[in-house]
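In: could you work out the structure for the sequence below:
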Amino acid sequence: MSLNSKWYHLILEVANKAAKIPGVKMLMKPIYYPIKRRIEQSHRRKLMQNGLKVLQIFDKCLTENGIEYTLAFGTLLGAVREKGFIKHDLDIDVSVWGDQYTPRIAEALEAIGFKLIRTFMVEDGSFGREETYQCEGVAIDIFYIQEDGGKYPYYCGYGTIGDTPTFAQSMSKYGRVRARRMDIPMIRERVKTLFEGIEVYIPANAHEILRFIYGEDYMTPNPSWEMDPHREYNWMNKMVYYNEI
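Out: Residues are numbered from 1 along each chain as shown. Just a heads-up that it's a prediction; the model follows:
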């Protein structure tokens, strides 16, 4: 069975959900951790082998199509702190402003070998959107940044509803998944930086963003870092859709 198969991702998704139930995590250790390690090792190996090439192709494609992306989250942290991928990273994170979304992004990426493998959409997409593409075994998550007049722009994180362990089951049972609104001090100005020898885009206020997400000590690796729960809140009144392709 391939580590990239839907079965392995399904097992991992179920395990992640079940592991949050008190008392279950210890019982699942013999199954959960070996599978999780194998999947992460496979993704990390692909990222180290092909990630730079995939990022370079992605950069060229979006730039030629007039879409202004920037690196985001762990990939942005790697660019600033390591000047490349963080050793424990599993995929590539980028952000695009929501008002720049167009189906042309998927068309352009798929035309050069990327495959759209999953999407999240809040309402009609104008409140939130996330897309995951895959190329040569490397996943790229596009987080669409939204503005609604609040103190900061925001992006969305996603979770399942009730007792459903997977997004697909949440959609089947409830017709939706759950969205978490996450503020971020993003600005539209961007600059180029060297990333393992190639030039890519990052937000001009990258250091402010990284302090906001990871804390003042973001330049020091912290394997036990966890996101501040006060940075997010659930949108219980929003319809949120998930599609696995």
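In: residues in contact with the residue nearest the centre of the chain?
Out: Centroid-nearest residue in the chain, with C-alpha atoms, centre = their mean: D141, separated by 4.2 Å. Contact analysis of D141 by C-beta atoms under 8 Å, 6 or more residues apart in numbering lists 91-94, 130-132. For every residue, glycine as well, the C-beta is placed using N, CA and C.
In: same question for F212.
Out: If you count contacts by C-beta under 8 Å, 6+ apart, then F212 has 184-185 around it.
In: which of the helices and strands in this protein ranks last by mean pLDDT?
Out: Confidence across the helices and strands of the chain bottoms out at helix 6-18, with a mean of 60, counting by mean pLDDT, DSSP states H and E.
In: on that earlier part again, now the helix or strand hosting the residue nearest to the centre of the chain - C-alpha only, PDB.
Out: Counting by DSSP states H and E, the element that carries D141 is strand 138-145. Written as PDB, here are the backbone C-alpha positions of strand 138-145 (Å, rounded to 0.1, in the frame of the first residue of the first chain):
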ATOM      1  CA  VAL A 138       5.200  17.400  -2.600                       C
ATOM      2  CA  ALA A 139       2.100  19.100  -1.200                       C
ATOM      3  CA  ILE A 140       1.500  22.900  -1.400                       C
ATOM      4  CA  ASP A 141      -1.200  24.400   0.700                       C
ATOM      5  CA  ILE A 142      -2.500  27.800  -0.500                       C
ATOM      6  CA  PHE A 143      -4.100  29.800   2.400                       C
ATOM      7  CA  TYR A 144      -6.300  32.600   1.100                       C
ATOM      8  CA  ILE A 145      -6.100  35.700   3.200                       C
END
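In: on that earlier part again, any chance of the contacts of D141 in a markdown table, plus neighbour count?
Out: Shown next, in a markdown table, are the contacts of D141 (neighbours: other C-beta atoms under 10 Å):
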| residue | neighbour count |
| --- | --- |
| D91 | 19 |
| I92 | 25 |
| D93 | 19 |
| V94 | 22 |
| E130 | 19 |
| E131 | 22 |
| T132 | 17 |
